[in-house]
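*Asks:* mind looking at a prediction? Sequence and model below.
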Amino acid sequence: MIQYSSHAPKPGAADSWEVPPGSTVTLVDHRGPGVVRRWWMTFLQHVESPLIFRYAIIRCYWDGETDPSVEAPVSDFFGLSFGEWHDYVSIPASATSGGFNCYWPMPFRSSARITIENRASVPITGLYFNIEVESVSSIAKEALYFHAQFRRAGPTVRDRPVTVLETTGTGQFVGTVLSAQTLRGIGLRFLEGDESFFVDGEKSPSISGTGTEDYFSSGLYFATGAFAGPYHGVTVCDRERNRVGAYRWHIEDPIPFTKSLRFEFEHGPENNVPSDYATLAIWYQDHPHPAFPPFPKELGTVEALSPSRIPGMIEGEALAAIGATGGQSHAQSMAEFAGEWSGDAQLLWRGAHPGDHLTLFVTAPETREYELIGHFTQSQDYGDVKILLQGRELALVHGYHEGLRPAPPTSLGRVQLQRGENALLLEIAGRDPRSTDYAVGIDGFRLVP
């Protein structure tokens, strides 16, 4: 066994290295066949500059390749999320009392080169490491090369899943590290997204799940918080900042492929929850492997997104609502739900019954004729509501739908409005037989001259 380390060659010298900003240093340059068996490292900046863990990039090159088989931040490579330190222990990787540890076997046939790049604006000081390589006479023909690839989708793109890995060749998938955070509103609804593995060119995934936290062998949005297990765990469960970090190792259940593999996460049930995803895929495969996509430029925090707004919308949650003869109305945040509500909110009227009415005041910029367009919400417990202006019924809006959603815009017809406030009367008219209640949701109104 050969140990490559930061050990000082002269007595009295520091057993650590410094890596200036923008620099790359080589930790291992081994010639001949072998297997990396153990990898330990730490930084003195553990407390002072913890985010350095995300800006220190590890790369591994096997058998003289020019494109790395491993390219990942130190934190994610060792199973941590968001560049933050959290003590945990699993079978192949851990972070324990200041030290990073990795025991994934990494075979190579002729050479191994391992480097670390500092992408931070401050130097890495006090880099300590021990990397143990077992020298062997030869490596079995069927042995596959270790790979790890970091990707970032921040923000996610609507209607497009998050790609964790896309590769060609023969191999098996063995692990995932996830950092995910809501970028609009509150809650962890992005966890409603399922995982999908497309093996060997499948058009439909042969492996698909029931939710992101379920993939990480947990449940109910990580109901009881962080934990560490031998094959899966949650290192971050931060409900105040709406973010989670988790790992899963497919040691007992590797996913084999002979031609190709594509691995994706949905963000929300319909890829519609704006989020920030950082992922690490770990797998073994033959060489040559496809070149990795460009390494993400943004490694730190992604700013939260502003609420989506429909141009010209008179927001329902901002309307003056008076005179309810039944039930209560209040502004409701919709940011945690799948769908696009203007301003990420609506006015919810709940607790009313047929014949009850509510008055809303819509402000017109000038006296003239407008087309009045209503934006409403539909759901399983929503009822039907009449919209009246000056005693004239404009439309009957149906509120039932099998799932919660913003309803398609509804034209309420041409109306003559006075400059300033105009009273609209909403009256509960009934409900679909399938609906369980008479709730009404108003996203807002638009006035089109």
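*Replies:* The structure has been received and is ready for your questions.
*Asks:* listing request: residues of the chain with sub-threshold pLDDT.
*Replies:* Along the chain, the parts satisfying pLDDT under 70 run over 46-50, 336, 338.
*Asks:* may I have stretch 215-231 as PDB, with CA atoms only?
*Replies:* What follows is stretch 215-231 as a C-alpha-only set of coordinates in PDB (Å, rounded to 0.1, in the frame of the first residue of the first chain):
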ATOM      1  CA  TYR A 215     -36.000   7.700  -3.600                       C
ATOM      2  CA  PHE A 216     -33.800   8.600  -0.700                       C
ATOM      3  CA  SER A 217     -35.600   5.900   1.300                       C
ATOM      4  CA  SER A 218     -37.400   8.400   3.500                       C
ATOM      5  CA  GLY A 219     -40.900   9.700   3.500                       C
ATOM      6  CA  LEU A 220     -43.400  12.500   4.000                       C
ATOM      7  CA  TYR A 221     -41.000  15.300   3.000                       C
ATOM      8  CA  PHE A 222     -38.300  13.900   5.400                       C
ATOM      9  CA  ALA A 223     -40.800  14.100   8.200                       C
ATOM     10  CA  THR A 224     -38.400  13.600  11.100                       C
ATOM     11  CA  GLY A 225     -35.400  15.500   9.800                       C
ATOM     12  CA  ALA A 226     -31.800  14.700   9.300                       C
ATOM     13  CA  PHE A 227     -30.200  11.300   9.900                       C
ATOM     14  CA  ALA A 228     -27.300   9.100   8.600                       C
ATOM     15  CA  GLY A 229     -27.600   5.500   7.500                       C
ATOM     16  CA  PRO A 230     -25.200   3.100   5.800                       C
ATOM     17  CA  TYR A 231     -26.800   3.400   2.400                       C
END
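*Asks:* which residues touch that stretch?
*Replies:* Under the criterion CB atoms under 8 Å, 6 or more residues apart in numbering, residues 86, 88-91, 176, 178, 188, 191, 194-195, 209, 213, 232-237, 244, 246-249, 251-252, 265 lie in contact with stretch 215-231. No exception for glycine: its C-beta is placed from N, CA and C like everyone else's.
*Asks:* of the residues you listed, which belong to helices?
*Replies:* When helices are assigned by DSSP state H, the members of those inside them are residue 213.
*Asks:* now, of the contacts of stretch 215-231, which are buried?
*Replies:* Among these, those buried by neighbour count (16 or more other CB atoms under 10 Å) are 86, 88, 90, 176, 178, 188, 191, 194-195, 209, 213, 232-237, 244, 246-249, 265.
*Asks:* the closest residue to residue 76 other than its chain neighbours - how many residues pack around it?
*Replies:* Closest residue to residue 76 apart from its sequence neighbours, by CB to CB, 6 or more residues apart in numbering: residue 280 at 4.4 Å. One way to gauge burial is a neighbour count; for residue 280, by other CB atoms under 10 Å, it gives 27.
*Asks:* kindly report the same for the one 4 residues further on.
*Replies:* Taking other CB under 10 Å as the criterion, the count of residues near residue 284 is 21.
*Asks:* and it, what element?
*Replies:* Counting by DSSP states H and E, the secondary-structure element that holds residue 284 is strand 275-285.
*Asks:* so how far is the helix or strand following that strand off the chain centroid?
*Replies:* Scanning forward in sequence from strand 275-285 by DSSP H and E, the next helix or strand is strand 314-315. For strand 314-315, the distance from its own C-alpha centre to the chain's C-alpha centre is 30 Å (CA atoms, centre = their mean, to the nearest Å).
*Asks:* for stretch 139-158, same thing?
*Replies:* 17 Å.
*Asks:* now the end-to-end length of it.
*Replies:* For stretch 139-158, the first and last residues are 45 Å from each other (CA to CA, to the nearest Å).
*Asks:* mind listing what's buried along it?
*Replies:* By neighbour count with 16+ other CB under 10 Å, stretch 139-158 contains the buried residues 139, 143-156.
*Asks:* can you pull the contacts of the residue nearest to residue 76?
*Replies:* For residue 280, the contact set (CB under 8 Å, 6+ apart) comprises 72, 76-77, 148-151, 175-178.
*Asks:* out of those residues, the closest to residue 64 would be?
*Replies:* For residue 64, the closest of the contacts of residue 280 turns out to be residue 148, at 18.9 Å, with distances computed as CB to CB.
*Asks:* tell me the contacts of the closest one?
*Replies:* Under the criterion of CB under 8 Å, 6+ apart, the contact partners of residue 148 comprise 60, 69-72, 77, 280-282.
*Asks:* 6 Å instead, please
*Replies:* The contact partners of residue 148, by CB atoms under 6 Å, 6 or more residues apart in numbering, come to 70, 72, 282.
*Asks:* burial count for residue 406?
*Replies:* Residue neighbour count, defined by other CB under 10 Å, stands at 20 for residue 406.
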